[in-house]
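[1] Sequence first, predicted model second:
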Amino acid sequence: MSQRPGFPVKLAKTGASGPSGKVPSALPVRSVQTPTALAPRVASSVSGLGLDSGAVRARMVRKLAEQGVKDTRVLDAMGVVERHRFVESALVNQAYEDTSLPIGLGQTISKPNVVARMVELLCQDAPGKLGRILEIGTGCGYQAAVLSHVATEVYSIERLRGLHEKARTNLRPFRLHNVHLIFGDGMLGYPKGAPYAGIISAAGGDAVPDTWLDQLAVGGRLIAPTITPAGHQALVVILKTAQGFERQVLEAVHFVPLKSGVA
């Protein structure tokens, strides 16, 4: 199999405007510790939350491995990103349980197992870090943070302004220089960043939009929930080759519906 496409440099800011005509937000740079550096110590207790985030994250990662997640890049990323910082304070004690949680505006943060599963599928057959990734549906920003550890560049688009702003607030303390948040219609993708080494969607429609397929690089993978002919939503993996598209339908899933427009 040919090597997956990579895009090691960021887009020039000139001309890389989002749907509103503004340059997409790039979160400022900080020094990020590697999972190896984090492993020997346990994070201090979260003030007022009554839980040790480092310990419970480690338990979550062990459970993910037991459930079949094998890619160490994904497990390391799941172990680094603090999921409790992306959920409402009233639900923080459930942050590391394998459950989806409401994040407002009728949307949810996906189960850790679902996030890990989809990111692992995106990374499949890639020898190292992925190149530029497009995420459809930023939500609260959690999956974008996970993707930032396995890809050189993450462009994440959200159609609900309230969630776009929430993700900006949630991600700002992490100072992830390779994450760019865009407010716009995810069904249109983000052509200014194309072609993408991978596209991942947190919402499912009747079919994968042609715009996404057009923006996917040859050798790239697209992971999205899609309605099957039987009327059920299932996880679909599409590999773009020089000859066309290879499509694989996997397990049943339940995601929010894919919608067009902004709100």
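    Here it is on my side, so go on.

[2] report the longest strand in this structure, please.
    strand 216-227 (DSSP state E).

[3] Show the low-confidence segments of the stretch 51-200 of the chain, by residue range.
    51-52 (pLDDT under 70).

[4] quick one: what helix or strand has the nearest residue to Leu216 once chain neighbours are set aside in it?
    Excluding its sequence neighbours, the residue lying closest to Leu216 (Cβ to Cβ, 6 or more residues apart in numbering) is Lys240, at 4.7 Å. Where C-beta positions appear, they are placed from N, C-alpha and C, glycine not excepted. For Lys240, the element it lies in under DSSP states H and E is strand 233-241.

[5] Going by contacts, tell me the helices and strands next to that strand.
    helix 112-123, strand 216-227, strand 244-252 (3 or more Cβ pairs under 8 Å, 6 or more residues apart in numbering; DSSP states H and E).

[6] So what's the gap between that strand and the chain middle?
    16 Å (Cα atoms, centre = their mean, to the nearest Å).

[7] in terms of contact count, name the helices or strands touching the longest strand of the chain.
    Checking 3+ Cβ pairs under 8 Å, 6+ apart, strand 216-227 ends up next to helix 112-123, strand 196-201, strand 203-204, helix 210-215, strand 233-241.

[8] which one of the ones you listed has the most crowded surroundings?
    strand 196-201 (a mean of 26; mean count of other Cβ atoms under 10 Å).

[9] Outside of it itself, list whatever touches it.
    4-7, 118-119, 122, 126, 130-137, 143, 147, 151, 155, 186, 189, 212, 215-217, 219-225, 258 (Cβ atoms under 8 Å, 6 or more residues apart in numbering).

[10] Please tell me how far the residue nearest to Leu216 sits from Gly68.
    26 Å (Cβ to Cβ, to the nearest Å).

[11] The protein: strands as residue ranges?
    Going by DSSP E, the chain shows strands at 25-26, 101-104, 107-109, 130-136, 151-158, 179-183, 196-201, 203-204, 216-227, 233-241, 244-252, 256-257.

[12] As JSON lines, the ones you listed with distance to Leu171 would be great.
    Listed next are the strands of the chain as JSON lines, based on distance: least, Cβ to Cβ, whole Å:
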{"stretch": "strand 25-26", "distance to Leu171": "9"}
{"stretch": "strand 101-104", "distance to Leu171": "13"}
{"stretch": "strand 107-109", "distance to Leu171": "13"}
{"stretch": "strand 130-136", "distance to Leu171": "12"}
{"stretch": "strand 151-158", "distance to Leu171": "9"}
{"stretch": "strand 179-183", "distance to Leu171": "6"}
{"stretch": "strand 196-201", "distance to Leu171": "17"}
{"stretch": "strand 203-204", "distance to Leu171": "19"}
{"stretch": "strand 216-227", "distance to Leu171": "21"}
{"stretch": "strand 233-241", "distance to Leu171": "25"}
{"stretch": "strand 244-252", "distance to Leu171": "29"}
{"stretch": "strand 256-257", "distance to Leu171": "20"}
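
[13] Just the buried positions in the longest helix along the chain, please.
    Taking DSSP state H as the criterion, the chain has its longest helix at helix 53-66. Buried residues in helix 53-66, defined by neighbour count with 16 or more other Cβ atoms under 10 Å: Ser53, Gly54, Val56, Arg57, Ala58, Met60, Val61, Leu64.

[14] go on, stretch 88-100?
    In stretch 88-100, counting by 16+ other Cβ under 10 Å, buried: Val92, Ala95, Tyr96, Ser100.

[15] Hmm, Thr99 is touching Asn113, no?
    No. With contact defined as Cβ atoms under 8 Å, Thr99 does not reach Asn113; the gap is 9.5 Å.

[16] Please name the residues that touch the closest residue in space to Pro225 that isn't next to it in sequence.
    In space, and not counting its chain neighbours, Pro225 is closest to Gly204: 3.1 Å by Cβ to Cβ, 6+ apart. Going by Cβ under 8 Å, 6+ apart, Gly204 touches Ala224, Pro225, Thr226, Ile227, Gln233, Val253, Phe255, Val256, Pro257, Leu258.

[17] Nothing else from me, thank you.
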